[in-house]
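> what would the 3D arrangement of this be:
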Amino acid sequence: MIGIRGWSASQRMIEIDGKRFPTVSDAAAALGVSARTVNEYVTKGIIPKPPTVTQGLRDVNVYPTEYMERAMECLKDFRARKRGSR
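Residues are numbered from 1 along each chain as shown. So this is what the prediction gives:
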């Protein structure tokens, strides 16, 4: 899962129904922020909500490559707008 600048799957991935998925920690490392900041960006609408996978009774956020490409673009656009408004 390499191909996005700074993005590579790590051992923090979770496994659900035999499939491995990147976690918020993986997304945070790729975006250069903390996991808490990733969650804040989602809440504020800076980056889109990640897809979910059901694990038992719980829905788990996952961060596949396609999502990370989009999230990185959204964050890049947000930062550019923020710099331009100063």
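
> when you work out contacts or count neighbours from here on, use the C-alpha atoms and nothing else.
Noted.

> which of the helices or strands spans the residue nearest the centre of the chain?
For the chain, the residue nearest the mean C-alpha position is A27 (3.8 Å; Cα atoms, centre = their mean). Element membership for A27 (DSSP states H and E) is helix 24-31.

> state the mean pLDDT of that helix.
When the per-residue pLDDT values of helix 24-31 are averaged, the result is 92.

> apart from its chain neighbours, what residue comes closest to the residue nearest to the centre of the chain?
Excluding the flanking residues, the one nearest A27 by Cα to Cα, 6 or more residues apart in numbering is Y63, at 6.4 Å.

> so which bits of the longest helix along the chain are buried?
Of all the segments of type helix in the chain, defined by DSSP state H, the longest one is helix 65-84. Taking 16 or more other Cα atoms under 10 Å as the neighbour-count basis, helix 65-84 is seen to contain the buried residues 65, 67-68, 71-72, 74-75.

> tell me the one of these nearest R58?
Relative to R58, the closest of the buried residues of helix 65-84 is Y67; by Cα to Cα it sits at 20.3 Å.

> got a list of what the nearest residue to that closest one once chain neighbours are set aside touches?
Once flanking residues are discounted, Y67 sits nearest to P50: 6.7 Å by Cα to Cα, 6+ apart. When contacts are counted by Cα atoms under 8 Å, 6 or more residues apart in numbering, P50 touches 61-63, 67.

> for those, pick the one with the most neighbours.
When neighbours are counted as other Cα atoms under 10 Å, the busiest of the contacts of P50 turns out to be Y63, with 23 neighbours.

> SS state for it?
coil (DSSP: H, G, I helix; E, B strand; the rest coil).

> pretty sure it sits against V24.
Yes - in terms of Cα atoms under 8 Å, Y63 counts as a neighbour of V24; the distance is 6.8 Å.

> got a list of contacts for the helix-or-strand element of the chain with minimal mean pLDDT?
Within the chain, no helix or strand scores below strand 14-16, which has a mean of 85 by mean pLDDT, DSSP states H and E. Contacts made with strand 14-16 from outside it, assessed by Cα under 8 Å, 6+ apart, are listed as 20-23, 53, 55.
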